[in-house]
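Novice: Show me how the following folds:
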Amino acid sequence: MPPQARTSTPPLDANDLHESMESRFEAVEEQFREFGQEHVLRFWDRLDTPGREGLLAQAERLGAGLGRWTEAWRSSHERAAGTPAGIEPLEGAIALPSRGEAPGADRKSAREAGEELLRTGRVAILVVAGGQATRLGFDAPKGAFPLGPVSDRSLFELQAQKLRGLARRYGRSLPWYVMTSAATEAPTRALFEANDWWGLEPEAVHLFSQEMVPAFDANGHAVLETMGRIFESPDGHGGVIPALARSGALSQMEARGIDTVFYYQVDNPLVRMADPVFLGFHRDRGAEVSCKVVRKRDPMAKWGVVARVAGRPGVVEYTELGDAERHARDDSGELIYWAGNIAIHVFDTAFLRRMADNADRFLPYHLSPKKVPTVDDSGIPLAPAGPNAEKLERFVFDALPEAERVCVVEADAALEFSPVKNAEGDESPQTARRDLMAVYRSWLDAAGLGEAVEGQQVEIDHSAVDGPEEALAMGARQLEEARDWLHCATEERE
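Specialist: This next block holds a predicted model:
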């Protein structure tokens with residue numbers, strides 16, 4: 001028998017394409033009208049065919065969550081503003097050794113417990129890196145921002161060095177889960193590939209993207225960025241938990257026997273990656289969530305604080321603290337609400353799964369007033385002078401009250417926290433480089449090389465040396481003996 005002739009579906013002609021698009025438009029219009037959002041289609045007749053296709057594709061993608069986000073905007077406005085009811089000072093935090101530790105705080109046994117977790121492959125590293133560096137005047141993902149005091153080493157490269165150092169120290173690669181966003185996913189992947197994953201095993205690096213959500217105006221209407229595009233933005237750092245589940249990353253962790261996740265944000269170059277003492281306290285205290293905090297000295301410092309809210313551990317945002325709580329001091333003159341949140345946590349994977357399965361309940365959206373590009377009623381682009389929309393964002397720390405047990409550990413801000421958020425002034429590249437070099441100088445002092453680098457800019461390769469003990473152990477007596485891991489320059493980077 002002769003072979004059967006192959007058949008194929010003939011391509012749609014122009015009329016069929018038009019009918020298909022109109023049918024899709026009617027379905028989208030009906031869906032958006034149900035939630036009072038049909039205005040996003042009001043310029044349909046002025047769009048060309050590619051413009052219509054783009055708007056339809058976006059609207060169809062957003063349609064599944066439209067009712068949830070519209071309701072989230074409404075419920076966020078209904079929540080009472082001001083200091084949360086029942087706020088109380090934090091108790092039981094593990095203080096710095098210089099301040100006298102809480103009862104039972106044994107750092108030696110904690111370190112041993114944390115190192116065992118690292119050696120046995122039970123720890124994953126999770127970084128939130130969905131933001132762009134636009135506030136820094138840098139058109140790229142924030143993790144690509146060059147911060148090396150001597151080199152142009154980026155935040156990502158610095159952190160990759162720390163991961164290579166952990167692999168050397170504990171005999172195995174730690175999986176690195178990097179949360180991106182729609183705006184940063186492609187350039188982040190390209191950056192990692194172009195730099196050969198900075199010496200990491202490519203299969204140990206897992207990129208996944210957070211959800212994008214619409215922003216709303218003062219009347220609860222989704223904002224149009226252009227006549228043919230709805231404005232979207234990432235759903236905040238709290239979006240990392242549902243994104244882990246949605247991407248399959250959380251299932252991958254569970255399948256690999258990972259039960260402990262170290263979380264941080266990409267813009268903090270001083271983060272002590274997978275600090276074994278912190279991991280060990282988390283495990284020894286039987287915590288589901290642990291938090292690192294720094295001691296606030298200035299009541300006006302714009303950090304949220306870890307406190308007790310309605311009897312449970314939680315984070316109270318700076319804007320939610322009333323003046324009385326913000327300035328309250330104890331008999332020794334210390335701030336009562338002192339525990340500044342620095343976005344460094346440890347989570348049990350079982351806890352992350354529980355939160356992901358009930359994300360809308362445990363991780364509500366919050367409103368964040370922002371300036372966003374939009375158009376007027378005639379479709380003319382507008383550049384607003386001030387906030388004209390409210391973005392919806394989740395906060396990862398909203399999960400804290402749901403934990404059976406929370407462990408809080410005080411850190412030294414000078415050693416562990418110097419984020420890059422502003423182009424100038426506090427929390428800028430200049431202050432981060434300054435603080436990074438101050439840490440390096442303390443390590444070099446421990447190694448007996450402090451005087452040799454006096455007046456120079458210094459930078460240390462974290463894959464080889466990641467602390468004063470390791471600097472001392474290298475045994476360098478002269479700068480020439482430290483060239484493999486120490487870089488110096490006489491001129492300051494701009």
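Novice: Show residues contacting stretch 114-126.
Specialist: With contact meaning C-beta atoms under 8 Å, 6 or more residues apart in numbering, stretch 114-126 is reached by 163, 166, 169-172, 174-177, 179, 240, 244, 253, 256-264, 273-283, 349. In short, each C-beta sits where N, CA and C put it, glycine included.
Novice: Swap in 6 Å and give it another go.
Specialist: By C-beta atoms under 6 Å, 6 or more residues apart in numbering, the residues outside stretch 114-126 that reach it are 170, 172, 174-177, 253, 258-263, 274, 276, 279-280.
Novice: Please apply the same query to stretch 301-308.
Specialist: 87-88, 90, 291, 293, 315-318, 337, 339-341, 408.
Novice: got the CA coordinates for that stretch in CSV?
Specialist: C-alpha atoms of stretch 301-308 as CSV (Å, rounded to 0.1, in the frame of the first residue of the first chain):
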residue,chain,number,x,y,z
ALA,A,301,16.3,55.1,60.8
LYS,A,302,14.0,53.8,58.1
TRP,A,303,14.1,50.2,59.0
GLY,A,304,11.2,48.0,60.0
VAL,A,305,11.6,46.3,63.4
VAL,A,306,11.1,42.8,64.5
ALA,A,307,8.7,42.9,67.5
ARG,A,308,5.7,41.0,68.8
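Novice: So for that stretch, mean pLDDT?
Specialist: Stretch 301-308 shows a mean pLDDT of 92.
Novice: quick one on the thing from earlier: show me just the buried residues among the contacts of stretch 114-126.
Specialist: 170, 174-177, 253, 258-263, 274, 276, 279-280 (16 or more other C-beta atoms under 10 Å).
Novice: So which elements touch the longest strand anywhere in the chain?
Specialist: Counting residues, the longest strand found in the chain (DSSP state E) is strand 339-348. Counting contacts by 3 or more C-beta pairs under 6 Å, 6 or more residues apart in numbering; DSSP states H and E, strand 339-348 is packed against strand 260-265, strand 289-295, strand 305-309.
Novice: which SS class is the closest residue to residue 438 other than its chain neighbours?
Specialist: Setting aside the residues directly before and after it, residue 438 is nearest to residue 414 in space (C-beta to C-beta, 6 or more residues apart in numbering), at 6.9 Å. Classification of residue 414 by DSSP: H, G, I helix; E, B strand; the rest coil places it in helix.
Novice: Near residue 414, how many other residues are there?
Specialist: Residues lying near residue 414 (other C-beta atoms under 10 Å) number 13.
Novice: With residue 181 instead?
Specialist: Counted by other C-beta under 10 Å, the residues lying close to residue 181 total 23.
Novice: Please name the bridge partners of residue 339.
Specialist: Note on residue 339: beta-bridge partners by DSSP bridges are residue 295.
Novice: Can you tell me who the residue nearest to the spatial centre of the chain pairs with across the strands?
Specialist: In the chain, the centroid-proximal residue (C-alpha atoms, centre = their mean) is residue 128; its distance is 2.7 Å. Listed beta-bridge partners, residue 128: residue 179, residue 265 (assigned using DSSP bridges).
Novice: Could you pull up the residues touching it?
Specialist: Applying C-beta under 6 Å, 6+ apart to residue 128 gives the contacts 179, 237, 240, 265.
Novice: Closest one of those to residue 395?
Specialist: Closest approach to residue 395 among the contacts of residue 128 (C-beta to C-beta): residue 237, at 6.7 Å.
Novice: Give me the distance between the residue nearest to residue 246 when sequence neighbours are not counted and residue 233.
Specialist: Residue nearest to residue 246 in three dimensions, not counting chain neighbours: residue 211, with 7.6 Å by C-beta to C-beta, 6+ apart. As judged by C-beta to C-beta, to the nearest Å, residue 211 and residue 233 stand 10 Å apart.
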